[in-house]
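Asks: no sequence for this one, just the structure:
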């Protein structure tokens, strides 16, 4: 049995996420109080939206801490590496639920527009844009290579867009008395939120279900391995992602001859380098075989 693992992934400190949480708590309280004072349902809904995002951001922050823990044990052999995937899964679902709720409220508001104190709405919307815009910039870099951070980033981006909608609605209501525009903008934002969240939801489900990454074709991997001299067959192949930046493979490798263990190690190093360079597979686990009477199916469900 041979295995290899190489991990050179970016470590996320979580400090930017913590700062975003603090800023969003402040804006949530401000919007909630302002919504009740101004009588604006849109502002109250935005505050509720922000509050749900604060909860999601806290979950992402805790997941980030757990994922960066190096500690493993006999009971937790992989540590907490999957914590961020669970967080991304939960956040994606919550985003879709929020979007549906906002869409329903927008439809109701479209048919029953009401006059509100627009000045307070406008200034709180500007504050929301500034705070959430700053938070978006804080997480933008980490969101490009981390599914959990991407879900948190989308929460904040949606908050900012919602505040933009509230601002536009406030200005149009103040100067043109167009009270239905807020509902239309909210529907557009809800659609965008569902569209973006669906991708994260599907990706996190595939990782949790141990699906092979989309860019890796197992038959192609097998053909590449079989090009290495002395390998007769590769079967019982499993390829999966532990998280969004770690890919594993395990397989049975049948040899033409009864080779020495030292020769097996040399061949394994060749396979490991091939799979890492060509497919990004950074953890390999191979079982050697010679004239073993077992099924030789490339993929076999255990």
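Replies: Cool, the structure landed. Computed from a predicted structure; not experimentally measured.

Asks: surely residue 272 meets residue 284?
Replies: Yes: using C-beta atoms under 8 Å, residue 272 is in contact with residue 284, at 4.9 Å. In short, each C-beta sits where N, CA and C put it, glycine included.

Asks: Name all residues that make contact with the nearest residue to residue 219 once chain neighbours are set aside.
Replies: Using C-beta to C-beta, 6 or more residues apart in numbering and skipping residues adjacent in sequence, the residue nearest residue 219 is residue 298, 6.9 Å away. By C-beta atoms under 8 Å, 6 or more residues apart in numbering, residue 298 lies in contact with 218, 219, 222, 234, 235, 237.

Asks: and whatever helix or strand the second one lives in, what does it pack onto?
Replies: In this structure, residue 219 is located in helix 218-226 according to DSSP states H and E. In this structure, helix 218-226 packs against strand 231-243, strand 246-255, helix 261-279, with contacts taken as 3 or more C-beta pairs under 8 Å, 6 or more residues apart in numbering; DSSP states H and E.

Asks: Adding mean neighbour count, write those out as TSV.
Replies: Converted to TSV, those look like this (neighbours: other C-beta atoms under 10 Å):
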stretch	mean neighbour count
strand 231-243	19
strand 246-255	20
helix 261-279	15
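
Asks: how about CSV for the ones you listed, with distance to residue 189 and mean pLDDT added?
Replies: Below are the helices and strands packed on helix 218-226 laid out as CSV (distance: least, C-beta to C-beta, whole Å; pLDDT from 0 to 100):
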stretch, distance to residue 189, mean pLDDT
strand 231-243, 30, 92
strand 246-255, 34, 94
helix 261-279, 38, 94
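
Asks: Out of the ones you listed, the one nearest residue 29 is which?
Replies: strand 231-243 (34.1 Å; C-beta to C-beta).

Asks: So what's the gap between that closest one and the chain middle?
Replies: Its chain's C-alpha centre and that of strand 231-243 lie 25 Å apart, by C-alpha atoms, centre = their mean, to the nearest Å.

Asks: Give me the helices and strands touching it, please.
Replies: So strand 231-243, by 3+ C-beta pairs under 8 Å, 6+ apart, packs with helix 181-208, helix 218-226, strand 246-255.

Asks: quick one: the last one to strand 231-243, angle?
Replies: Pointing back at strand 246-255 there. Using axes from the mean of the first three to the mean of the last three C-alpha atoms, to 10 degrees, the direction of strand 246-255 lies 170 degrees away from that of strand 231-243.

Asks: List of residues touching strand 246-255?
Replies: 7, 9, 81, 213, 216, 221, 225, 230-242, 264, 271, 275, 279-290, 292, 294, 296.

Asks: Pull the distance from it to the chain's centre.
Replies: With C-alpha atoms, centre = their mean, you get 27 Å for strand 246-255.

Asks: Next: the shortest one.
Replies: What separates the centre of helix 218-226 from the centre of its chain is 29 Å, taken as C-alpha atoms, centre = their mean.

Asks: shaky segments in the stretch 51-200 of the chain?
Replies: Flagging of the stretch 51-200 of the chain using pLDDT under 70 yields the residue ranges 67-75, 77, 79, 114.
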